[in-house]
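J.: Structure for this input, please:
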Amino acid sequence: MFKKILIANRGEIALRVIRACRELEIRTVAIHSEVDGQSLHVRYADEHVCVGPAEGGLSYRNIPNVLSAAEITGVDAIHPGYGFLAENAHFAEVCESIGITFIGPSSEHIALLSDKSQARAHMKKHGIPVMPGSDGEIEDFKACLAIAKKLGFPVIVKASAGGGGRGMRVVWHEEDLGQAIDSAQLEAHTAFGHGGVYLERFFENPRHIEFQVMADQQGQVVHFHERDCSVQRRYQKVVEESPSPALDEALRRKMGQVAVQVMKSVKYRNAGTVEFLMDETGKFYFMEVNTRIQVEHAVTEMVTGVDLIKEQIRVAAGQALSYKQKDIQLLGHAIECRINAEDPDRMTPSPGVVTKFCTPGGPIPPWIRAVWCLHSMIR
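T.: Numbering: from 1, shown residues only. Next comes the predicted model:
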């Protein structure tokens, strides 16, 4: 087992990893920017290192600085949390090259699965049901138009390197396709540094179902059942719940088996999430794999009783999974809600100073679990 882990993140997920490490008797190192020196994760960690100024690109995303902090503190491993460097294949590769364990999938898995069109082609090759659409990225408009006509409008243009709803455009009419492609490519290039896009059929009233999966280095893969994230706004998840009210036991079992098959097809290891889109008839299609632990992992932990962060750490250290599939049962129901500060009339973000904040809590065992991150100063 590791003796010391650096947490390449801040906020709730950093605290979450610190708690798991304490229970596993592993020392922790927090990194922080110049303005985060008094943050909770810094105060709770055993050691801390400043890695740069307030701007995330100069601190939390600054790979040389993060690795320097890891080397001077003598850590065995780095936990990236979610966001920042969690899905950065180059960062994972550098960690591997200098002998520091990256608590997550391999750099090859991140590179393969972060390219959605490439991942889609891989799954199709291995018999996984994928969304009807183009084979690979769009390079020729005439060919793309022919695919769109065959699929039938509406269609959706998606960024290959996309995430968070960026680089996506729904096209309802043939004459709007060219502009939608150009717009999606520009946004994708600006947001992700890669302007490649692909085409899929657009479903108007789908269910968005994701399965939490964990795989060890011995080739064992299990899933921890589903989270339903169908309630979204601008492709951002607003409500997550488990179990999904749209699945019966037979469909849950079938989707879980496919999720495991997805991960086995790439010989995946550590935590990941397989996302599916399900139509009104119950037919489901592979969408993507998130190669990290997610914000929503708390929902799964609440209904399964499994500490996913501890399991991540054990698996990264080379231990076998603690659970067989038959051991993982759904216990009750959990819902996570995303709360945004908005102007209700214009439905636009409304930033400002948080003057009061009360963390929710509940009886023991904890029926209410607060997962929060504040970007404003609390007075």
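J.: CA atoms for contacts and neighbours, from now on please.
T.: OK.
J.: Quote the end-to-end distance of stretch 271-290.
T.: 9 Å (Cα to Cα, to the nearest Å).
J.: Quick check: mean pLDDT of that stretch?
T.: Stretch 271-290 carries an average pLDDT of 95.
J.: which of the residues in that stretch are buried?
T.: For stretch 271-290, the buried set under the neighbour-count rule, 16 or more other Cα atoms under 10 Å, comprises 271-278, 284-290.
J.: With stretch 34-42 instead?
T.: Asp36, Gly37, His41, Val42.
J.: what do you get for stretch 8-27?
T.: Buried residues in stretch 8-27 (16+ other Cα under 10 Å): 8-21, 26-27.
J.: Let's see which of those end up in helices.
T.: Among the buried residues of stretch 8-27, the ones falling in helices (DSSP state H) are Gly11, Glu12, Ile13, Ala14, Leu15, Arg16, Val17, Ile18, Arg19, Ala20, Cys21.
J.: Reformat these into CSV and put pLDDT and distance to Asp182 next to each item.
T.: Listed next are those as CSV, based on pLDDT from 0 to 100; distance: Cα to Cα, whole Å:
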residue, pLDDT, distance to Asp182
Gly11, 93, 36
Glu12, 92, 37
Ile13, 96, 36
Ala14, 97, 38
Leu15, 95, 41
Arg16, 95, 41
Val17, 98, 41
Ile18, 97, 44
Arg19, 96, 46
Ala20, 97, 45
Cys21, 98, 46
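J.: What is the nearest of the buried residues of stretch 8-27 to Pro105?
T.: Ala8 (15.4 Å; Cα to Cα).
J.: Report how many residues lie close to the nearest residue to the closest one once chain neighbours are set aside.
T.: Closest residue in space to Ala8, ignoring its immediate chain neighbours: Pro80 at 4.8 Å, by Cα to Cα, 6 or more residues apart in numbering. Taking other Cα atoms under 10 Å as the neighbour definition, Pro80 ends up with a count of 27.
J.: Settle this for me: Pro80 is touching Ile5, isn't it.
T.: No - assessed by Cα atoms under 8 Å, Pro80 is found out of contact with Ile5, at 10.3 Å.
J.: Domains in the protein, by residue range?
T.: 4-103, 134-201, 207-349 (automatic domain parsing).
J.: on that earlier part again, is it possible to export the ones in helices among the buried residues of stretch 8-27 to CSV including distance to Val213?
T.: Formatted as CSV, these follow (distance: Cα to Cα, whole Å):
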residue, distance to Val213
Gly11, 24
Glu12, 21
Ile13, 18
Ala14, 21
Leu15, 22
Arg16, 19
Val17, 18
Ile18, 22
Arg19, 21
Ala20, 19
Cys21, 21
